[in-house]
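J.: Pasted the sequence and its predicted model underneath.
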Amino acid sequence: AERARLAASAGPGRTADGHPVKLLLNIGSAGDLRPGAEGVGLFRTEFLFLDRTGAPSFEEQVAAYAEVFEQAEEVIVRTLDAGTDKPLPFLGLPEEQNPALGVRGLRVDRLLPEVLDTQLDAIAEAARATGTQAWVMAPMVTTPAEAAGFARRARARGIAKVGAMVEVPAAALRAAALLREMDFLSIGTNDLAQYTFAADRQHPDLADLLDPGQPALLALVAMCAEAGRAAGKPVGVCGEAAGDPRLAPLLVGLGVTSLSMAPVSVPAVRTALAARTLAECADAARSALI
Ligand code: PEP
Ligand code: MG
């Protein structure tokens, strides 16, 4: 019944001429779910790991993932993204001079592979128990080789769809190669802006440099969308830009197939898309790239 409620509450977003764009939610736990979207485009799993002295057990993880799978038709789970802005003391990672450029996201797997193994096991088990197709993506993927390694381990567990977040310029530049390994890409514009403009995403004096509407960032989005079109695979955006009604039409004009955002942003983005044809979105995107 819960699942029916969320899924039945809204169709896809549409441009004025009917081009569909999936509108999805960014959540941190089942408690963040709201009606009004088609599913979950970014399930940040860090919450499960915060404020703990040890890793959450396999059973705890299965319960947390199943709770979300039961209430939403389509869910993309992001594997653990520990890092500068999300320190996890129990991981015992060494201090670093440049944490944003260090062992974070998927890179933690280099030191602690059992963390990802247990998480993938738990996601696969929660999907099986709830009769859901699990979609899983890794944060901070940088090279096609990293993508291949992640995909191999996820597919070995029967996970249906495996993807990479594009948060590092190198990943955007190699989007076509990533899509030879992956079923989909999801662009994390918060980190992609941080690394493209070499500006700490939390630095109060650099907010203007981090604006994802700048041509350099949009050009990287365009590369990803073009690679997705060529491969016939979905490429979405799940950073804050996706929930900005000023930017959402531009992203659609560049060719992204889904937008994932905080639940509160869905109505305004739906309205912004409905006010423009796809051709108008594409025109706006072309102008913004100049
Ligand atoms: C991003 O970087 O855009 C993203 C969605 O991930 P997070 O904000 O959790 O780092
Ligand atoms: Mg990120």
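T.: Okay, I see it. Ligands and ions are numbered 1, 2, ... in the order given.
J.: And the pLDDT for residue 189?
T.: With respect to pLDDT, residue 189 scores 98.
J.: since we're on it, how many residues are nearby?
T.: Residue 189 sits with 26 neighbouring residues when counted by other Cβ atoms under 10 Å. Every C-beta, even on glycine, is put in place using the N, C-alpha and C of the backbone.
J.: Give me the distance between it and ligand 2.
T.: Remark: distance between residue 189 and ligand 2 (Cβ to the ion, to the nearest Å) = 9 Å.
J.: doesn't residue 217 make contact with that residue?
T.: Yes: with contact defined as Cβ atoms under 8 Å, residue 189 reaches residue 217; the gap is 6.7 Å.
J.: Now do the shared contacts for these two.
T.: Common neighbours of residue 189 and residue 217 (criterion: Cβ atoms under 8 Å, 6 or more residues apart in numbering): none identified.
J.: mind listing the strands for the protein?
T.: For the chain, the strands defined by DSSP state E occupy 13-14, 20-27, 39-44, 75-78, 135-138, 161-166, 184-187, 235-237, 258-261.
J.: Excluding chain neighbours, give the residue nearest to residue 23 in space.
T.: Once flanking residues are discounted, residue 23 sits nearest to residue 13: 4.4 Å by Cβ to Cβ, 6 or more residues apart in numbering.
J.: check contacts around residue 254.
T.: Taking Cβ under 8 Å, 6+ apart, one finds 218, 221, 222, 225, 282, 285 in contact with residue 254.
J.: Kindly tell me how buried the fifth one is, as a neighbour count.
T.: Other residues near residue 282 come to 17 when the count uses other Cβ under 10 Å.
J.: All further residue positions should be reported with the first residue as 10.
T.: All set: I'll call the first residue 10, so the last point we hit is now residue 291.
J.: which residues touch it?
T.: With contact set as Cβ under 8 Å, 6+ apart, residue 291 has these partners: 262, 263.
J.: Please report how far it lies from residue 175.
T.: Distance of residue 291 to residue 175, computed by Cβ to Cβ, to the nearest Å: 21 Å.
J.: In contact with residue 255, which residues are there?
T.: When contacts are counted by Cβ under 8 Å, 6+ apart, residue 255 touches 222, 281.
J.: and the spatially closest residue to residue 91 that is not a sequence neighbour, how many residues sit next to it?
T.: Distances taken as Cβ to Cβ, 6+ apart put residue 97 closest to residue 91, at 4.4 Å, once the chain neighbours are dropped. By other Cβ under 10 Å, the residues close to residue 97 number 19.
J.: Which residues of this protein lie near ligand 1?
T.: 51, 53, 90, 176, 197, 198, 199, 200, 247, 248 (Cβ under 6 Å from any ligand atom).
J.: Let's see which of those residues end up in helices.
T.: Taking DSSP state H, the ones among the residues of the chain next to ligand 1 that sit in helices are 198, 199, 200.
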